[in-house]
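# Using only what follows, build the 3D model:
(one chain, ligands or ions: 1)
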Amino acid sequence: MQSVGKLMKVFVTRRIPQEGMKILSAAGVCEVCLWDSDEPVPRSELLKGVQGAHGLLCLLSDKIDVEVLDAAGPNLKVISTLSVGFDHMALDEIKKRGIRVGYTPDVLTDATAELTVALLLATARRLPEGVEEVKNGGWSSWKPLWLCGYGLSGSTVGVIGLGRIGMAIARRLMPFGVKRLLYAGRRVKPEAAELNGEFVPLDTLVSESDFIVVSCSLTPETQGMCDKAFFSNMKNTAVFVNSSRGAVVNQEDLYEALKSGQIAAAGLDVTTPEPLPTNHPLLTLKNCVVLPHIGSATYSTRGIMSALTARNLLGGLQGTDMPSELTF
Ligand SMILES: O=CC(=O)O
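Model (predicted):
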């Protein structure tokens, strides 16, 4: 038990929006050690910073493995991540040590769905190519066959992983005149009925969709799921969009599929690694639009995520309810 008057140590691995920092300082229960930078904490500093910490506030880019847990030591009661994803944390080890975990579901659903729709449209209608042509003088006249892409009207959209975010994406896409919504995943989702969503085997979704949106979590089952066989099964006119985790995709296979014309285009908000090296082959392709993992990046969403992450941390420190505790 923490002795009265003694503050608990919290390590925060990056500058976060002030909403969260204010909540932590106002609570008066913890002393915050902040890696005061917008850039990732070097591993050695992370290992030093967590020593003796009671709480760890981390980001999806921090790998929280046995080494970090060992470095933190037995004081650590709670890890609160500023993300909905939790594949960066060694949950089995965390569980063994009885450490609670907080995360940020729901609050980023709208922002992420919106970004995914923007990415899909930008990719399908070739917006980055068009913008580039305007700047580099390639726009010589209005041309009937120039910069044509694919539209959603009358199309079949397949969502892999119709969870909170997948459903929010589907709800936003349907008003564009989508004819059929297919989804694949672990189980039937009753909420899909409102959109006449059809639960189908992954193979069917892949072969019948004009747009494939990946919105599932990264798990051992989904790791590398979008591979050569997957892309070979897609229509040549189909567009692939991923805003979940980069590791769901085999990027070499995606490159081949895009280069050879096996598929029409891809929009990625997530890659492996992140950042994607600037000399990566995917970046040489006009039909591949890559964004720097900005799904939840609106000012308001990031502020709300920061506040929720702080509240989760405080709940864990004080042994009370956490607003969004991960059950695992
Ligand atoms: O990818 C974003 C998140 O997990 O919050």
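
# Name the residues of the protein found near the ligand, please.
Where proximity means CB under 6 Å from any ligand atom, the interface of the chain facing the ligand comprises 60, 83-85, 108, 295-296. C-beta coordinates here come from the backbone N, C-alpha and C atoms, glycine included.

# List just the nearest of these to residue 228.
Out of those, the one with the shortest distance to residue 228 is residue 85. That distance is 25.5 Å, counting by CB to CB.

# What is the burial count for the residue lying closest to residue 271 once chain neighbours are set aside?
Closest residue to residue 271 apart from its sequence neighbours, by CB to CB, 6 or more residues apart in numbering: residue 246 at 4.2 Å. With neighbours defined by other CB atoms under 10 Å, the count for residue 246 comes to 17.

# Wait, residue 246 touches residue 275, no?
No. Taking contact to mean CB atoms under 8 Å, the distance of 10.7 Å between residue 246 and residue 275 leaves them out of contact.

# Mind pulling the model confidence for residue 6?
Looking at residue 6, its pLDDT is 86.

# how near is the closest residue to residue 90 other than its chain neighbours to the ligand?
Counting by CB to CB, 6+ apart, residue 65 is the residue found nearest to residue 90 once chain neighbours are left out, at 4.8 Å. Residue 65 sits 18 Å away from the ligand, going by CB to the nearest ligand atom, to the nearest Å.

# start at 47 instead
Sure, I'll start numbering at 47, so the last one becomes residue 111.

# Find me the pLDDT at residue 111, would you?
The confidence metric pLDDT takes the value 98 at residue 111.

# Tally up the residues packed near it, please.
Residues near residue 111, counting by other CB under 10 Å, number 13.

# wait, isn't it in contact with residue 137?
No. Taking CB under 8 Å as the definition, residue 111 is not a contact partner of residue 137, at 10.7 Å.

# roughly how far apart are the closest residue to residue 184 other than its chain neighbours and the ligand?
In space, and not counting its chain neighbours, residue 184 is closest to residue 178: 7.4 Å by CB to CB, 6+ apart. From residue 178 over to the ligand the distance is 27 Å, taken as CB to the nearest ligand atom.

# Any figure for the gap between residue 178 and residue 250?
36 Å (CB to CB, to the nearest Å).

# Within the sheet, what are the partner strands of the host helix or strand of residue 229, with directions?
When elements are assigned from DSSP states H and E, residue 229 belongs to strand 226-230. Strand 226-230 has the following strand partners under DSSP bridges: strand 202-206 (parallel), strand 244-245 (parallel).

# Perfect, that will be all.
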